[in-house]
Each structure stands twice: as structure tokens, then as C-alpha cells.
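> next come a sequence and a model predicted from it.
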Amino acid sequence: MSDHFDALVVGGGLLGCATAWMLAREGASVLLAERDQINQHASGQNAGSLHFQLEYRMMEHGIEAAKKAAEAMPLHLEAATLWAQLPTLSGENFEVKQSGGLMVAENSAQAKLLEQKTEIERSWGLDVEMLDQAGVQKIAPYLSSSIVAAAHSPIEGKADTRTAAPALARAAVREGAEVRARCEVTAMERTGGQWRVTLQEGAATRQVTADAVVIAAGVWTTALGEMVGSSLPTIPLALTMTATLRVPKFIGHLIQHAGARLSLKQALDGNVLIGGGWPARLMQTAGGEPNLSARPELLRESLAGNANAALAVVPGLNGIPTLRSWVGTTTVAPDQLPLVGAVSGKPGMFVATGGSAFTLGPSFAQALAALVAGRAPDTDLSSFDPMRFQKVQS
Ligand SMILES: Cc1cc2nc3c(=O)[nH]c(=O)nc-3n(C[C@H](O)[C@H](O)[C@H](O)COP(=O)(O)OP(=O)(O)OC[C@H]3O[C@@H](n4cnc5c(N)ncnc54)[C@H](O)[C@@H]3O)c2cc1C
């Protein structure tokens, strides 16, 4: 085992695994340290939607908020291309299916909102078009006749959350990266032009050094920032998911809603996955802070609300039994845009998180790999500056 690396990646979710793989295939020596198991947290618990249209949560506060959220569109477009290539490039076989997505409207106000947001997205280069009721029924006859319009993007889809990050971790190892589970980063200190990092593996403490550190710690990003005295504000959100039993294929698209919390799609093996942002209850520490290590509480009203939203849009779900429901915790930034870039005042330290970071994981990873290598990323990251909230305060 080496004790010096070109890059240390903190976190073994989709982002950390993708970043470690991209760095290692460029020839960097990489250590990925994951405190729990690879893919144990949000990356293994999420809905697996690859959504490139603006989401309901980005539109529910009006069209100006939607315009702001659309600034992340270049990252979405990059992610759409990268997801399509990932299985081949990594030499791993995991499900990525981009068979199109429909954001549906059930009344004229929602249809108008869809038209407005479609215009914004098209101005950023997203392939998306409005369909009327007949157009919707033509390509998605399984949708309710209550759907009056939909925005269709042919590049949306889904990926298998159970297998994507572990596959990229394996690919990283094949490229020479060291990937350690049950390995917690407990301290980081800049000294002698490099990072000295303390790792806790069970009872054993290991010290390593690295030229660069990548924080890919999801909901724990703020805590990792605090470890080095940097403010990386994120808001934790506990969310609900449900999967039905396997049924013969009848849903061909990723479905989202313009006026309700809903995302649904049918996995390759037949289960219908239903989510879309219904809350669960975050646990609290004795001091009243969110306890990110405790499993959030499933809320009955979220399960019912999510099921009702799904049944209204896809009546064929009626009577299909639920296999399981679960909760997970993810993170958004205060302005809904991701944090991606350098941690200022901490040479060689980079971070990415926030929002739909499963969809965006590959483009975050590509940007981080470029930054670590000292190259300009393909996408202009200025809107995603991780330090932007500090600048507003000062
Ligand atoms: C229910 C739900 C549904 C969602 N649906 C979607 C969706 O459909 N599409 C989408 O794009 N996004 C979705 N998301 C969001 C998405 O899951 C996350 O944005 C994404 O998975 C974050 O990936 P990550 O690798 O950054 O973080 P994570 O997967 O959370 O990984 C971070 C890792 O860092 C590790 N870590 C933390 N601190 C340390 C430390 N000190 N030392 C070592 N390791 C550490 C953690 O143990 C963890 O494994 C959803 C989220 C949830 C909860």
C-alpha cells in the first residue's frame, strides 16, 4: 500500500467512484476512501432517473427560479452524453436506458408552465418538444387521458442505482486505483504543499498524503468542509421511494409531472419505481441538528401522496402490489444549483454535490478530474462556485 497519492477521493457514492475511475484512467494514482460501504447511501437509494428537463422542484417557485436552475443545463447535456458511454468506456455491464422522458400536465396552467420551461430549455440546447393530448397518447398510451399535454425529451431515461457506482469502483480498481470501504477520513491538513489525511479503518489509523483532495461526500459535504475550516453550505433532504412487484413491461418512459411531486419509470426487470421528492422525516441529534447517519422516518402521508399522484397519471398501476418503500437523504444547495469547483483558500481541494447528483455525477466527475489535472473543465463552472454563498454574506 502506497502512502502518497496524486488524488484522494472522499466518498464512494456514484460521484466518488466515477471521479476515481476517470482520474485513474488518466494515469493518476488515486485512493478512494469510503467510510461505510461503496454505494451505501444516496447513490444506492435513489430513483435512478436521468432527468435533463427542469424538475418540478425547480419550477414550483415560478419561472424566474426555473431560469436560474436552467444554468445547470450544460452539465445536464454533458451528463446525457456521458451516461450513454459509461458502460462501454468502463468495460462494465450496468443498465443505462435513455428511451425518453415525459413531463406531464393535467390542466392548462400546468401546460402553460411546461411551454415556458420548454422554451428556456431549448434556449440552452436541450432536445425537448411539447406534445398535445393526442401526441401524448400516441407515444405513451399507458398514460391517463387526463394528461392534456407533455414535454418530451428523447434523451431522458434511467440507470440502475444498485449497480452503477459499484461498477465504476471496479473499473477504477482495474485502472490502478485503491478503493477502501470502511475507511473514514477523520482529518485533513495542508502541509508542505500537499494534503496530509488521517484515515480510520476499524481500530487502525493510517496517514497518507495527496497532492489533491476531492470531496465527493454527498450530504456530508458540509461536515468535510468544516474539517478544513471552509463553509460549504448544503441543505439535507430526506426523500421517499417505492418499488412495485415485477410486472410485464408497460411503461416506456421516465415520467415526471409539471404540477406534482412525481417521477416514475419501469426498471429493466419489471419493477415500477415511484418517487419524485416526497419528504421523509430527518432524525435529529440530541443537540437538535439533523442526524445524517440515522435512517429518516418514512411518512405515511408521503407514501399515500406519492401513490395517488402515480395512479392519477398511470392508471394501470392500480392493483399492482408494492414490493417495498424506503427513504434516503440527499442534498441541495440553497439556490438549487450544484456546488462544483475548487474550495478557495485550500489549494488542491475540490468539491461537487447538490441536486440531482446521480444524473449529474458523470459530468461532476469529469469536471473534477479536469480540475485535479490542472485543465480547464469543458463546462464553465462559474455559476456553481462552491464559495458563492460566502461571497454573498461578506
Ligand atoms: C430517495 C432519493 C431519490 C433520488 N432520486 C434521484 C434521481 O432520480 N436522480 C438523480 O439524479 N438524483 C436523485 N437523488 C439524488 C442522488 O441520489 C444524489 O444526489 C447522489 O446519489 C449523490 O451522490 P454522491 O456520490 O455525491 O453522494 P453519496 O451517494 O451520498 O455518497 C457520499 C459518500 O461519502 C461517504 N462519506 C461521507 N463522509 C465521509 C468521510 N469522512 N470519510 C469517508 N467517506 C465519507 C458516505 O459514506 C457516502 O457513501 C435522489 C436521492 C434520494 C435520497
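Happy to help now that I have it. What you see is a predicted model; the values in this text were computed from it and never measured.
> report how many residues lie close to the closest residue to Thr234 other than its chain neighbours.
Closest residue to Thr234 apart from its sequence neighbours, by CB to CB, 6 or more residues apart in numbering: Thr331 at 4.3 Å. C-beta coordinates here come from the backbone N, C-alpha and C atoms, glycine included. Residues contacting Thr331 under the criterion other CB atoms under 10 Å number 23.
> partners of the helix or strand hosting Thr331, with directions?
Taking DSSP states H and E as the definition, Thr331 sits inside strand 322-332. Strand 322-332 sits in its sheet next to strand 235-244 (antiparallel), going by DSSP bridges.
> before we move on, back to that, what about the strand holding Thr331, near the ligand?
Yes: using CB under 6 Å from any ligand atom, strand 322-332 reaches the ligand at 328-330.
> so what's the residue nearest to Thr234 up against?
By CB atoms under 8 Å, 6 or more residues apart in numbering, Thr331 lies in contact with 42, 218-219, 221, 234-237, 353-354, 357.
> run the last query once more with 10 Å
By CB atoms under 10 Å, 6 or more residues apart in numbering, Thr331 lies in contact with 42, 217-222, 233-237, 292, 338-339, 353-355, 357.
> let me see the contact set for the residue in the stretch 51-200 of the chain that the ligand sits nearest to.
Distances between the stretch 51-200 of the chain and the ligand by CB to the nearest ligand atom are smallest at Val185, namely 3.8 Å. Applying CB under 10 Å, 6+ apart, we find Val185 in contact with 8-11, 33-35, 197-200, 208, 213, 215, 217, 220, 224, 227.
> of those, which ones also sit close to the ligand?
Applying CB under 6 Å from any ligand atom, the subset of the contacts of Val185 adjacent to the ligand comprises 10-11, 33-35, 217, 220.
> which of those sit farthest apart?
Pairwise distances across the ones next to the ligand among the contacts of Val185 peak at 12.2 Å for Ala33 and Trp220 (criterion: CB to CB).
> wait, Leu339 sits on Leu368?
No: counting by CB atoms under 10 Å, Leu339 stays clear of Leu368, with 11.4 Å between them.
> now list whatever residues contact both of these two.
Counting by CB under 10 Å, 6+ apart, the residues touching both Leu339 and Leu368 are 215, 351-352.
> can you add neighbour count and give those back as TSV?
Shown next, in TSV, are these (neighbours: other CB atoms under 10 Å):
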residue	neighbour count
Ile215	33
Val351	29
Ala352	30
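> now Gly270: which helix or strand?
Under DSSP H and E, no helix or strand contains Gly270.
> ok, now which ones touch Asp319?
Quick fix: residue 319 reads Gly, not Asp. By CB under 10 Å, 6+ apart, the neighbours of Gly319 are 247, 311.
> that one in helix, strand or coil?
Secondary structure, DSSP: H, G, I helix; E, B strand; the rest coil: Gly319 is coil.
> read off the pLDDT value for it.
Per-residue pLDDT puts Gly319 at 96.
> count of residues packed around Ala111?
Applying other CB under 10 Å, we find 22 residues neighbouring Ala111.
> return the strand or helix carrying it as CSV; C-alpha atoms alone will do.
Counting by DSSP H and E, the element that carries Ala111 is helix 108-123. The C-alpha coordinates for helix 108-123 follow below in CSV (Å, rounded to 0.1, in the frame of the first residue of the first chain):
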residue,chain,number,x,y,z
SER,A,108,-54.0,24.2,-18.8
ALA,A,109,-52.0,26.1,-16.2
GLN,A,110,-49.5,23.3,-15.9
ALA,A,111,-49.4,23.0,-19.8
LYS,A,112,-48.6,26.7,-19.9
LEU,A,113,-45.8,26.3,-17.4
LEU,A,114,-44.4,23.4,-19.5
GLU,A,115,-44.4,25.6,-22.6
GLN,A,116,-42.5,28.3,-20.7
LYS,A,117,-39.9,25.9,-19.3
THR,A,118,-39.5,24.1,-22.6
GLU,A,119,-38.6,27.4,-24.2
ILE,A,120,-36.0,28.0,-21.5
GLU,A,121,-34.5,24.5,-22.0
ARG,A,122,-34.4,24.8,-25.8
SER,A,123,-32.5,28.1,-25.5
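> so for Asp6, what's the nearest residue that isn't a sequence neighbour?
Take Asp6 and drop its neighbours on the chain: the residue closest to it by CB to CB, 6+ apart is Ala28, 4.0 Å away.
> one step back: same list (the residues of strand 322-332 next to the ligand) but as TSV, adding neighbour count and pLDDT.
Converted to TSV, these look like this (neighbours: other CB atoms under 10 Å; pLDDT from 0 to 100):
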residue	neighbour count	pLDDT
Gly328	23	96
Thr329	24	96
Thr330	24	96
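> returning to that earlier point: so the residue nearest to Thr234 bridges to which residues?
Pro236.
> confirm Pro377 sits in a helix?
No: with three-state DSSP as the criterion, Pro377 is coil rather than part of a helix.
> now do the same contact list for it.
Pro377 makes contact with 75, 78, 340-341, 363-364, 366-371 under the criterion CB under 10 Å, 6+ apart.
> quick one: which of those residues is nearest to the ligand?
Checking those against the ligand by CB to the nearest ligand atom gives Phe364 as the nearest, at 7.6 Å.
> separation between that closest one and Glu78?
Separation of Phe364 from Glu78 (CB to CB, to the nearest Å) stands at 10 Å.
> want to throw the shared contacts of Leu339 and Leu368 into CSV with distance to Ala111, secondary structure and pLDDT?
Below are the shared contacts of Leu339 and Leu368 laid out as CSV (distance: CB to CB, whole Å; DSSP: H, G, I helix; E, B strand; the rest coil; pLDDT from 0 to 100):
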residue, distance to Ala111, secondary structure, pLDDT
Ile215, 41, strand, 98
Val351, 39, strand, 98
Ala352, 35, strand, 98
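> can you pick the most crowded of the contacts of Pro377?
That'd be Phe364 among those, by other CB under 10 Å, with 32 neighbours.
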